[in-house]
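Enquirer: Below is the sequence, then the predicted model.
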Amino acid sequence: MDIKQLKHALIDIETQARQAVEAASTLEQLRRVRPRFLGRKGSLGQLMATIRDYPPEQRGLAGQTLNAASQAVTRLFADHQKRIESSEVAAEASRADAFDASLPGVRPPLGNVHPVTAVQWEIEHVFQRLGFTVEAGPEMESEYYNFEALNIPAMHPARDLQDTFWLSNGMLLRTHTSPVQVRTMEKFGPPIRCIVPGRCFRYETVDASHETTFHQCEGLVVDRNISIANLIAVMRLLLREVFKRDVKIRLRPGYFPFVEPGFELDMSCLICGGSGCPTCKKSGWVEILPCGMVHPNVLRYGGIDPHEYTGFAFGLGLTRLAMMKYGVSDIRVMNSGDVRALVPPSRLAGSMIVEKQ
Ligand code: PHE
């Protein structure tokens, strides 16, 4: 049997195993069909014994293919066993006289989380599914990473775009999460797919929409052939997952020294659905995230050859997103310690509660 035939045979066996497993309605029946597939004389076991007949250079592949199939079949059995067990427990429990005091209770999830934490978990979840890592960097940052390595030299007017808290030791409080871009390039080299949720600081006068302390989530992708189309696709997916519906997006040119071209990404206003309301200042669009293609100089600072690699970056305002999602209209609430602004577990996605508690 050559590898191709082997693969076909395995597909057949998996189908048969699935049918046999699903036909079993008790643990005893399930136990009885198992050797037919997984036993030494079972159909998979027999194929295992033929591995040594393959020419040496094919033996590895044949082995891997068989192992994968046998894992899949093992999983079929394990999953179905759980299903039978839980239905047996349920049947037992529904008997009027049944009360098993030894069963563990259902533990109610405890503790409310901050809206920023809630969206952060959600975003981490979305991006981890896309193969992104979650990175971090220091809040007390050097001038080099916060500005210079982002193509903002000393005396450059762009430094005034972000009012900075300078510290007496010559360091600063990072004004954005972007310094972690070059830090991550240095740490891992290409290819990179990461997000960086984190706290940032700016010397601002505090009012309903400005805070000195807020959260951003940086995103960075560097690889061969990364284009604006990739950027748009990822952003659309992100917004769809966060807002649980398809949102319309548009790009406008935007200036940031560390991206070229740079964009402001707008999404259709969720309050009025795009027809115009006070929240979107009657435009139907709200500015949601700045982004762009990583500037070649920034790649160079990170030790990456811009002729070989390209990338995109975005700077999501986590605090802003949390306010939109959870309907907080005054940013000062976010750092106030007011427990009424917290998000109860019942409003978190189920997967987040299981993962984080
Ligand atoms: N760091 C920028 C800011 O805080 C946002 C940004 C990030 C823009 C990444 C483009 C790319 O204003």
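Expert: Happy to help now that I have it.

Enquirer: for the most centrally placed residue in the chain, what are its contacts?
Expert: Among the residues of the chain, the one closest to the centroid is residue 127, at 2.0 Å (C-alpha atoms, centre = their mean). Contacts for residue 127 were tallied using C-beta atoms under 8 Å, 6 or more residues apart in numbering; they are 134, 195, 219, 238. (Each C-beta comes from the backbone N, C-alpha and C, glycine too.)

Enquirer: Check which helix or strand it maps to.
Expert: Secondary structure assignment for residue 127, by DSSP states H and E: helix 115-129.

Enquirer: Wait, residue 225 touches residue 310, no?
Expert: Yes: Residue 225 is within contact range of residue 310, at 7.1 Å (criterion: C-beta atoms under 8 Å).

Enquirer: Looking at those two, which is more packed in?
Expert: Using other C-beta atoms under 10 Å as the criterion, residue 225 and residue 310 rank with residue 310 on top: 21 against 7.

Enquirer: hey, what's the more buried one bridged with?
Expert: Beta bridges link residue 310 to residue 223, judged by DSSP bridges.

Enquirer: Tell me the spacing between it and residue 105.
Expert: Distance from residue 310 to residue 105, counting by C-beta to C-beta, to the nearest Å: 54 Å.

Enquirer: what do you get for residue 98?
Expert: Distance of residue 98 to residue 105, computed by C-beta to C-beta: 16 Å.

Enquirer: When these two are compared, which one has more neighbours?
Expert: Taking other C-beta under 10 Å, residue 98 and residue 105 do not tie; residue 98 has more neighbours (10 against 5).

Enquirer: Quick check: the more buried one is in a strand.
Expert: No: looking at residue 98 with DSSP: H, G, I helix; E, B strand; the rest coil, it is coil, so not inside a strand.

Enquirer: Who are the contact partners of it?
Expert: With contacts defined as C-beta under 8 Å, 6+ apart, residue 98 is in contact with residue 92.

Enquirer: again, but for the one 10 residues further on
Expert: For residue 108, the contacting residues are residue 345, taking C-beta under 8 Å, 6+ apart as the criterion.

Enquirer: if we go to 6 Å?
Expert: Residues near residue 108 by C-beta atoms under 6 Å, 6 or more residues apart in numbering: none.

Enquirer: What strand or helix carries it?
Expert: Residue-wise, residue 108 maps onto no helix or strand under DSSP H and E.

Enquirer: Would you quantify the distance from it to residue 346?
Expert: Going from residue 108 to residue 346 by C-beta to C-beta gives 10 Å.

Enquirer: what about whatever residue of the stretch 101-250 of the chain ends up closest to the ligand, which SS state?
Expert: Here the residue of the stretch 101-250 of the chain nearest the ligand is residue 176; by C-beta to the nearest ligand atom that distance is 3.3 Å. Remark: residue 176 carries the secondary structure label coil [criterion: three-state DSSP].
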